[in-house]
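Participant: quick check, what structure comes out for this input:
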Amino acid sequence: MVSAPARLAAAASNVVGKVLHGGVADLRPMPRVLIDQGPNRSVYRMTTGAAPASGPPILLVPPLAAPALCFDLRRGCSLIEHLVEDGRSTYLVDYGNVAFSDRRLGIEHWIDEVLPRAIRKVSADAGGQGVHLVSWSLGGIFSMLVSADQPELPIESITAIGSPVDFTAIPIMAPFRPLVDLTNGHLLTPIYRAFGGAPSYLVSKVFRATGISKEITKPIAILKNLDDRDYLAQIEAVDHFMDNMIAYPGRTFGQLYHRLFRTNDLAEGTVDLNGRVISLADVKVPTLIVAGENDTIAPRPSVERVVGLLENAPSVRFETAPGGHLGVLTGRKARNSTWRYLDEFLAEQVV
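Facilitator: Coordinates of the predicted model:
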């Protein structure tokens, strides 16, 4: 039990940190070195840790729209920090900013060019070893599609965290479906075509809106936890993440809207990209699926649906963990849930 004077002193220290030093969160990125670069692709190798890097390489795959710092939110709640300090050979692919000139890029660009090139580069940099993909949100869908479509790639396993495949199982989208059906799917088409995609500021507002109740009560929560430095640091880090959202390219957004949201293709295990059908049944590597217990963007039913679709994967492990969409990946409870599942899963892949 912490005494009242101690809590008051901690609160005063935190206020000083926020007011005079710009915050209490340690937002320094983990050290890294660039090993490859191309259109919408920067591949980094993490360079330091408490133990020398060893073992098969891990490539962290972010979604579109969200910045790659999702894997390196802040010191103490950074998946990169966790992997590196555990001595794992860790890599990150960063898509960079999306410009209006990228509006014609579709899903094919990421699953034909960006990820395959990153995977091959990581494998080569690690001495030709197979690569373990660890992905979040849409990054998990892209990872599974790449593995299914290009089985010759050196992919050893896939971890997909908070990756929805059944979009009818996402309650926050239900109110929009009648309107989408009424307009034959053309509700958003003029908008994303005019903007060349979904602008970053709009992506940020939508992401915040999914946790609107927390946004409304956040000032009260901060005051109640003013003595909890770690709590305040997490809020600062999440705000920093939200402020760095990235735009969706127009054609990619259109494909996600029409193929995933409107017709819900992936829930049946396939996606049709202009006549090219990719089936999740063609994923033939061990897969870990993790759903957030409080995730409104990718609730458990929408994520768990993929388990029955990966019928040819040698093993499929499904877990749930505390947190919302970002929290399940890198919340304060992730270390003892999601990250532990990942550690166990990766250990199982060592022959």
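Participant: the helix or strand encompassing residue 290 pairs with which strands, and in what direction?
Facilitator: Assessed by DSSP states H and E, residue 290 sits inside strand 287-292. Strand 287-292 sits in its sheet next to strand 155-161 (parallel), strand 316-321 (parallel), going by DSSP bridges.
Participant: out of those strands, deepest packed?
Facilitator: Stretch with highest mean neighbour count among the strands paired with strand 287-292: strand 155-161 (a mean of 25; mean count of other Cβ atoms under 10 Å). For glycine as for every other residue, the C-beta is placed from the backbone atoms N, C-alpha and C.
Participant: what's the average pLDDT for that strand?
Facilitator: Average pLDDT, strand 155-161: 98.
Participant: so what touches that strand?
Facilitator: 56, 119, 130-137, 139-141, 143-144, 146-147, 283, 285-290, 303, 306, 328-329, 338, 342, 345-346, 349 (Cβ atoms under 8 Å, 6 or more residues apart in numbering).
Participant: also stretch 38-50?
Facilitator: Against stretch 38-50 from outside (Cβ under 8 Å, 6+ apart): 30-37, 53, 80, 83-87, 89-96, 98, 102, 105, 109-110, 113-114, 117-118, 121-122, 125.
Participant: list the buried ones in it?
Facilitator: Residues 40, 41, 42, 43, 44, 45, 46, 49 are the ones in stretch 38-50 that count as buried (16 or more other Cβ atoms under 10 Å).
Participant: one step back: what subset of the contacts of stretch 38-50 is buried?
Facilitator: Buried among these by 16+ other Cβ under 10 Å: 30, 32, 36, 53, 80, 83-84, 86, 89-95, 98, 102, 105, 109-110, 114, 117-118, 121-122, 125.
Participant: okay, stretch 266-285 in CSV with CA atoms only?
Facilitator: Provided in CSV are the C-alpha atoms of stretch 266-285 (Å, rounded to 0.1, in the frame of the first residue of the first chain):
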residue,chain,number,x,y,z
LEU,A,266,-11.7,-13.4,-46.7
ALA,A,267,-14.3,-14.8,-44.4
GLU,A,268,-14.6,-17.6,-46.9
GLY,A,269,-10.9,-18.0,-47.2
THR,A,270,-10.1,-16.3,-50.5
VAL,A,271,-9.6,-12.9,-52.0
ASP,A,272,-9.9,-12.0,-55.7
LEU,A,273,-7.4,-9.4,-56.9
ASN,A,274,-8.6,-8.7,-60.5
GLY,A,275,-9.1,-12.3,-61.4
ARG,A,276,-6.2,-13.6,-59.4
VAL,A,277,-7.5,-15.7,-56.5
ILE,A,278,-5.4,-16.2,-53.4
SER,A,279,-6.6,-18.8,-50.9
LEU,A,280,-5.6,-18.9,-47.2
ALA,A,281,-5.8,-22.7,-47.5
ASP,A,282,-2.4,-22.4,-49.3
VAL,A,283,-0.7,-21.1,-46.2
LYS,A,284,1.6,-24.0,-45.3
VAL,A,285,3.7,-22.8,-42.4
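Participant: got the buried residues for that stretch?
Facilitator: Neighbour-count burial for stretch 266-285 [16+ other Cβ under 10 Å]: 266, 267, 269, 270, 271, 273, 278, 279, 280, 282, 283, 285.
Participant: nearest residue to residue 284 in space, please, no chain neighbours.
Facilitator: Once flanking residues are discounted, residue 284 sits nearest to residue 312: 5.3 Å by Cβ to Cβ, 6 or more residues apart in numbering.
Participant: how much space between the one you found and residue 147?
Facilitator: According to Cβ to Cβ, to the nearest Å, residue 312 stands 11 Å off from residue 147.
Participant: so the two - more neighbours on which side?
Facilitator: The residue with more neighbours, out of residue 312 and residue 147, is residue 147; 26 against 13, by other Cβ atoms under 10 Å.
Participant: SS state for the more buried one?
Facilitator: With DSSP: H, G, I helix; E, B strand; the rest coil as the basis, residue 147 sits in helix.
Participant: what does residue 240 give?
Facilitator: Going by three-state DSSP: residue 240 is helix.
Participant: burial of it, as a residue count?
Facilitator: Neighbours of residue 240 (other Cβ under 10 Å): 16.
Participant: what about the nearest residue to it once chain neighbours are set aside, neighbour count?
Facilitator: In space, and not counting its chain neighbours, residue 240 is closest to residue 27: 5.9 Å by Cβ to Cβ, 6+ apart. Look at residue 27: counted by other Cβ under 10 Å, it has 17 neighbours.
Participant: hang on, residue 27 in a strand?
Facilitator: No. With the criterion set as three-state DSSP, the secondary structure at residue 27 is coil rather than a strand.
Participant: where does it land on pLDDT?
Facilitator: 94.
Participant: kindly report the same for the one 3 residues further on.
Facilitator: Looking at residue 30, its pLDDT is 95.
Participant: surely it is in contact with residue 82?
Facilitator: No. Counting by Cβ atoms under 8 Å, residue 30 does not reach residue 82; the two are 10.0 Å apart.
Participant: how close does residue 87 get to residue 52?
Facilitator: 6 Å.
Participant: cool, residue 312 as well?
Facilitator: Using Cβ to Cβ, we find residue 312 at a distance of 36 Å from residue 52.
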